[in-house]
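Asker: What follows is a predicted protein model with its sequence.
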Amino acid sequence: MTSTHQTYSTNDDKDGNSLTWFDTIKRLKFEQRKCKTFISQQINQKQCMCGNPDHTSNAPKSNEVWNWEQHTETKPTECYGTLPHSNSPYLRCDIKTEFDQLCLMLFGLWNIPIPSLIMRMMGDATSTLNVRLEKELLQGISDAAVASGRRTL
């Protein structure tokens, strides 16, 4: 993944000058969330509950129960760019990012066609579902897509 300061002419400042992603992200005040307290996992003591094995050395350690609202902080995002193989844009943002802000980036700057259905799923790479739950999840996604008027997944 590469960071970019690529210019897009679809987003102009008040003087009609093209803005870069960097300018737009800064102007819209996109933030990312970062863990600030190392709380080890029960299974893997060297990995934090946030999933990061490489916490900064200045992150205090604690035996508390990890809570994302208490043990993370926001800072201006510095993780954005294009994916190398597909040239698709990406942006890391805080879970509390306003929907309007994301829509402006997706549909205004990146010119992504407006979808008929947007779904958000949360989990981590270590989460697994049993076969029955996986089938129920896929059926639920299919039902939601059909209910929204979409014909194919």
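Answerer: Nice, thanks for sending it over.
Asker: Give me the neighbour count for residue 50.
Answerer: Using other Cβ atoms under 10 Å, residue 50 is surrounded by 21 other residues. In short, each C-beta sits where N, CA and C put it, glycine included.
Asker: what sits against it?
Answerer: For residue 50, the contact set (Cβ atoms under 8 Å, 6 or more residues apart in numbering) comprises 35, 66, 68, 71-72.
Asker: And residue 105, by the same measure?
Answerer: Going by Cβ under 8 Å, 6+ apart, residue 105 touches 24-25, 28, 30, 91.
Asker: same thing with residue 90?
Answerer: 1, 80-83.
Asker: Narrow those residues to those in helices?
Answerer: Of these, none are assigned to helices by DSSP state H.
Asker: For the buried ones among the residues you listed, write the corresponding ChimeraX selection.
Answerer: To isolate in ChimeraX the members of the contacts of residue 90 that are buried, counting by 16 or more other Cβ atoms under 10 Å, one can use:
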select :80,81,82
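Asker: Closest to residue 133 out of the contacts of residue 90?
Answerer: Nearest to residue 133 among the contacts of residue 90, counting by Cβ to Cβ, is residue 83 at 29.8 Å.
Asker: Tally up the residues packed near residue 133, please.
Answerer: Residue 133 has 10 nearby residues by other Cβ under 10 Å.
Asker: Alright, that wraps it up for me.
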